[in-house]
Each structure stands twice: as structure tokens, then as C-alpha cells.
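> predicted model and sequence below, questions to follow.
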Amino acid sequence: MATILVTGGTGFIGSHTCVELLSANHDVVILDNLYNSKEDVVKRIEQISGRSVRFYKGDILDDTILDQIFTENTIDAVIHFAALKAVGESMEKPLEYYHNNVGGAVNLYLAMQRHGVHTIVFSSSATVYGQPKKVPCAEDAPIQEATNPYGTTKIYNEKILSDLCAAKKDFSVMLLRYFNPIGAHPSGLLGEVPNGVPNNLTPYVAQVALGQREFVRVWGNDYDTPDGTGVRDYIHVVDLAKGHVNALDYALHHHGVQAVNLGTGVGYSVLDVIHAYEKVCGHKIPYQIMERRGGDIAENYADVSKAKTLLGWSAQYDLNQMVADSWHFMEKLNENQ
Ligand code: NAD
Ligand code: UFG
């Protein structure tokens, strides 16, 4: 079994992935600066898994801590989650996004190179496809210019890591293109803690369901989709986390770069999500149709055949399970606040 450095391991997707890595018998070392997460997540990961985790509070921009981690631990591979991820904020603070998500990433890749660690799983995004010409969207669909700096940082990282693999034949890189991760750990101990006004759909719907906000603002109902609202491929974060374990196993046994979609292959509309949430919370969720949100696409969902054939992975949980686990987590969070 391998020892994995998980950057951003106390974050939403990182924490769930740590649980799955531990249950697959890997050892986990986390590096996180806690910019968007809390240290008690480490205890929760340990509580769920019954295993211990080594935690370093620090930044991927800091060479000293990177060298310390690679010296104190025999790292076999890195899963790189650490990034800033708010699309709107990236338009206001492009330099901070490029500094953290591109500068920080290159710093990490250089540290890996210095310490002879050549296997990396990178958190990319379906955002690299823009609005694809054809759905379901396969990995060979053209990469389109992003509408915001956050999306551009994903495209740049994909290019940087591909160039690295072209130059260094002993590197192994997985570019995992996530569709829309939602849900929470079924224990209710891990989930996405919304910071300020949620940008993403499900945390917003959850806050309306809890009575913390008046209504869901549905960004447009005049798209060319079955009910006119945006369609996305929502994937349970636990499924997504498990996909990383398979991707890691693949990367540890192959060289070169592979881009793989992680989604369910099924598209749901905004109204589908609201109605699914109504069922689990047991009451109506008010919503209002608003103007389209700038930069949004009409629909995208994944062609998941490559994940199945290459990694032997496919998602197990449906939308009902995703919203049920999200609701369980949000209710618990609300009780403890
Ligand atoms: P998150 O904000 O919950 O987790 C990211 C973690 O990285 C946080 O704990 C944060 O404190 C940490 N971090 C940020 N900058 C850091 C730095 N310089 N040094 C050390 N730690 C740092 O986000 P998430 O939803 O778990 O996303 C994880 C990754 O997946 C990100 O790269 C994100 O861009 C990508 N992604 C997320 C989504 C999504 O919808 N959540 C979709 C596609 C891709
Ligand atoms: N939506 C609303 N109201 C809201 C929030 C969202 O109607 O309050 C709609 C959007 O218009 C869209 C759908 O819900 O149709 C999903 O929106 P999200 O903001 O939850 O997700 P996006 O698909 O826009 O983007 C997410 C991440 C990106 C990532 C992308 C692809 O935020 O970082 O998925 O993985 F790049």
C-alpha cells in the first residue's frame, strides 16, 4: 500500500477522499493551509476510518514545508486538491487565483521533482469543456477558453502537467475532470460548509430548506433543456472520492497522462434538484426564476465510459442519495451552530 500526500485534504472533496484512501489501506499525509476548511476535519476523518492521519498546516506556496513533508515521509504519490475555487471571486481577484492555483501548483510539482515523486492525481473540472457541442461529453471533446480565471487555472494545470509528462517519461499524471460534486458523508461528519452566500446550487437550496434564505434564485428557465433550467451531472462526493482511489491505483502502475471524466453520466435540471430536496426535507422549497447567470452553460453531463474501462470505476449513488446525505449533514451542522 502507498503513502499519499493529499493537498487540500481537509476540504470538501479532499476529506472524503482521505476516508476512501484510508479504507483502501493507503496511508495519508495532509497538507492544508485551512483557508477554506477547519482542522477538526482531521479528527473526523480519523473517527470515520479508525486510522490516524498526519496533518501539516501549511501552504503549497511554501517550499520549506513541502521539503519538510517529502523528507519526513516516504511519499509515493500526490493527490492535489488545494486550490481556490470560487468562480465569481476569481473574476475579482485574478492574480490571487493564478498565484495560488497555478503558482502554488508549479511549486508543488517542482518539490515532487526534487524529491523523486512522479505520480500525481490532479483535480480538474468539466469547466475545461465550456459548453460542449455534444453531450454526453467525452474526454476528447475540445478544451474551450474558460469564461473566468478559475477555469483558466484548470486548463493551465492540465497543460503544465501534460508538458511535464511529455518531457519526463517516468511521470504519471491523472487529470480528473469532475462534474458537479454534491452530497456529504453518510455519517454526517463530513460535508461542504458554505462560506458566505453559496454560489453553488445545493448549498443554497439547503439553506432555503433550513429557512435561512427566502427562496432559491433559479438562474434562467429559457435554456434549450427539457424544463428550460440548466442541466448538470451531479455526482455524490463519496463516489467521486472512490474514483480517486481507482485513479491513483492506475497512476501508480502506468506512466504518461490521462484525462478522465468523473460523473454519473446522467443530467438533472435545477428544478429536478429542488424537487429532490423537497422530498428529503419534507416541505416545499420556494424558488423564483431570475435572469441567466453570466458564464453559465445550458447543459453538460459526462460520457463515463473511459472511467469504467480505464479505471474500473463508476458512480453508485443517485440524486436522491446525494440530496439525502446533503440534508443530513446540513441539519446536523445547523443543530450545532
Ligand atoms: P475546498 O475549498 O473545500 O478544498 C480545498 C482545500 O484546499 C481547502 O481546505 C483549502 O483550505 C485548501 N487550500 C487552498 N489553497 C491552499 C494552499 N495554497 N495551500 C494549502 N492548502 C490550500 O474545495 P473542494 O470543493 O474540495 O475542491 C477541491 C478541488 O477540486 C479544487 O482544486 C477544486 O478546484 C476542484 N474542483 C471542485 C469542484 C467542486 O464543485 N467542488 C468541481 C471541480 C473541481
Ligand atoms: N444555479 C441556480 N441557482 C443558484 C446556483 C446555481 O439556478 O443559486 C444553477 C446554475 O445556473 C446551473 C446549476 O444550478 O445551471 C449548477 O450551478 P453550480 O453553481 O452549482 O455549478 P456549475 O455547474 O455552475 O459549476 C460547478 C463548479 C465549478 C466547476 C463546474 C464543473 O462551481 O467550479 O461545476 O465541474 F467548474
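It's in. Ligands and ions are numbered 1, 2, ... in the order given.
> so the helix or strand encompassing Leu333, near ligand 1 or not?
Assigning secondary structure by DSSP states H and E places Leu333 in helix 319-335. No - on the criterion Cβ under 6 Å from any ligand atom, helix 319-335 is out of touch with ligand 1, staying 12.7 Å away. Every residue, glycine included, has its C-beta placed from N, CA and C.
> packing partners of that helix?
strand 180-182, helix 201-209, strand 234-236, helix 270-281 (3 or more Cβ pairs under 8 Å, 6 or more residues apart in numbering; DSSP states H and E).
> which residues are contacting whichever helix or strand comes after the last one?
This means helix 270-281. Downstream of helix 270-281, the next assigned helix or strand under DSSP H and E is strand 287-290. With contacts defined as Cβ atoms under 8 Å, 6 or more residues apart in numbering, strand 287-290 is touched by 208, 215-221, 271, 274.
> repeat that for stretch 96-103.
Stretch 96-103 is contacted from outside by 60-61, 83-84, 89-90, 149-150, 152-154, 156-157, 160, using Cβ under 8 Å, 6+ apart.
> mind running it again at 6 Å?
Identification of contacts with stretch 96-103 by Cβ atoms under 6 Å, 6 or more residues apart in numbering yields 83-84, 90, 149-150, 153, 156.
> now the end-to-end length of that stretch.
10 Å (Cα to Cα, to the nearest Å).
> and the pLDDT for Pro226?
With respect to pLDDT, Pro226 has a value of 97.
> hmm, I typed the wrong one, I wanted Pro194.
With respect to pLDDT, Pro194 scores 79.
> kindly report the same for Ile182.
So Ile182 comes in at 98 (pLDDT).
> how deep is Asn261 tucked in, by neighbour count?
A count of nearby residues for Asn261, using other Cβ atoms under 10 Å, gives 28.
> check the stretch 151-300 of the chain for the residue nearest ligand 2 and tell me.
Using Cβ to the nearest ligand atom, the closest approach of the stretch 151-300 of the chain to ligand 2 is made by Gly230 at 2.2 Å.
> residues contacting the closest residue to that residue other than its chain neighbours?
Closest residue in space to Gly230, ignoring its immediate chain neighbours: Val270 at 5.5 Å, by Cβ to Cβ, 6 or more residues apart in numbering. Contacts for Val270 (Cβ under 6 Å, 6+ apart) come out as 218, 229-230.
> quick one, helices of this structure?
Along the chain, counting by DSSP state H, helices occupy 12-23, 40-49, 63-72, 87-92, 94-97, 104-114, 149-167, 201-209, 237-253, 270-281, 305-306, 319-335.
> which helices and strands sit right next to the fourth one?
In terms of contacts (3 or more Cβ pairs under 6 Å, 6 or more residues apart in numbering; DSSP states H and E), helix 87-92 is packed against helix 149-167.
> hmm, who's touching the helix it packs on?
With contact meaning Cβ under 6 Å, 6+ apart, helix 149-167 is reached by 87, 90, 94, 97, 101-102, 105, 122, 124-125, 127-128, 143, 146, 171, 173, 175, 256-257.
> out of everything not next to it in sequence, what's closest to the residue in the stretch 1-150 of the chain positioned nearest to ligand 2?
Closest to ligand 2 within the stretch 1-150 of the chain is Thr127: 3.2 Å, counting by Cβ to the nearest ligand atom. Spatial nearest neighbour of Thr127, chain neighbours left out: Gly151 (4.3 Å); criterion: Cβ to Cβ, 6+ apart.
> run a quick neighbour tally on Glu214.
If you count neighbours by other Cβ under 10 Å, Glu214 ends up with 11.
> pLDDT value on it, please?
With respect to pLDDT, Glu214 has a value of 98.
> for it, give me phi and psi.
Per-residue torsions, Glu214: phi -70, psi -50 (degrees, to the nearest 10).
> then the one 10 residues further on?
Here the main-chain torsion angles of Asp224 (degrees, to the nearest 10) amount to phi -80, psi 70.
> now do His283
Torsion angles, degrees, to the nearest 10, at His283: phi -150, psi 170.
> how about the residues of the stretch 1-150 of the chain near ligand 2?
Remark: the part of the stretch 1-150 of the chain in contact with ligand 2 comprises 85, 87, 125-127, using Cβ under 6 Å from any ligand atom.
> can you list those in a markdown table and add neighbour count and pLDDT?
As requested, these are exported to a markdown table (neighbours: other Cβ atoms under 10 Å; pLDDT from 0 to 100):
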| residue | neighbour count | pLDDT |
| --- | --- | --- |
| Lys85 | 21 | 96 |
| Val87 | 20 | 92 |
| Ser125 | 23 | 98 |
| Ala126 | 24 | 98 |
| Thr127 | 23 | 97 |
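> contacting residues for Val87?
Contact analysis of Val87 by Cβ under 6 Å, 6+ apart lists 148, 150.
> one more time with 8 Å
148, 150-151, 199, 295.
> show me which pair in these is furthest apart.
Across the contacts of Val87, the longest distance by Cβ to Cβ is 13.5 Å; it joins Gly151 and Asn199.
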